[in-house]
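K.L.:
from the sequence below, what's the structure:
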Amino acid sequence: MQPITFRRGRQEWDKRSPSLLHVYITVDLGRQPELAALVRGARDVLGGFPLSHVQDRWLHITLDQITDQPAALIPPSERDVLAAELTTALSAVEPFDLMVGSLLSSRYGVIADLHPDEHLAALHRRVRDTIRTVRGEAAVHTPGACNT
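P.N.:
Got it, this is the predicted structure:
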């Protein structure tokens, strides 16, 4: 296992970098009581460390980021096309289960390992293919375990 290094495209993430558009799976802790307990437990254990915990409403799984332009330069009309194409591409995806397990810490914060990741990797590829169809090959360049 390699430590996580957050990236903005192929560059290491820097908080001064312009924001990028991301495709997320949002998490509803109200519908996932076991996950809610894990998150609360992690916050309790890490309470003495200098971390800013993300609010429950911001918990997510990042599927991809659009790296060819900062978010501010992508006009609403292009965002609308991308959202429509992603909606179409993802409408046939069957629900699947993920186990949220080991918490992994790095200098960026704490993230959770997800398993099994085959369905998640397939979902990522579908999202990435759709982004590239809409915005071109250069639109996504983020290295990672399930990236293509």
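K.L.:
burial of the nearest residue to residue 54 once chain neighbours are set aside, as a residue count?
P.N.:
Spatially, and ignoring its direct neighbours in sequence, residue 54 is nearest to residue 109 (8.0 Å; Cβ to Cβ, 6 or more residues apart in numbering). Every residue, glycine included, has its C-beta placed from N, CA and C. A count of neighbours around residue 109, defined by other Cβ atoms under 10 Å, yields 14.
K.L.:
same thing with residue 39?
P.N.:
The number of residues packed near residue 39 is 20, by other Cβ under 10 Å.
K.L.:
enumerate every residue touching it.
P.N.:
29, 56, 59 (Cβ atoms under 8 Å, 6 or more residues apart in numbering).
K.L.:
and the residue of the chain positioned farthest from its centre, which of the three is it?
P.N.:
The outermost residue of the chain, judged against the average C-alpha position, is residue 48 (26.4 Å), by Cα atoms, centre = their mean. Here residue 48 is recorded as coil under DSSP: H, G, I helix; E, B strand; the rest coil.
K.L.:
next: residue 23.
P.N.:
Quick answer, by three-state DSSP: residue 23 is strand.
K.L.:
could you look up the SS state of the residue nearest to it when sequence neighbours are not counted?
P.N.:
Counting by Cβ to Cβ, 6+ apart, the nearest residue to residue 23 once its immediate chain neighbours are dropped is residue 63, at 4.4 Å. Classification of residue 63 by three-state DSSP places it in strand.
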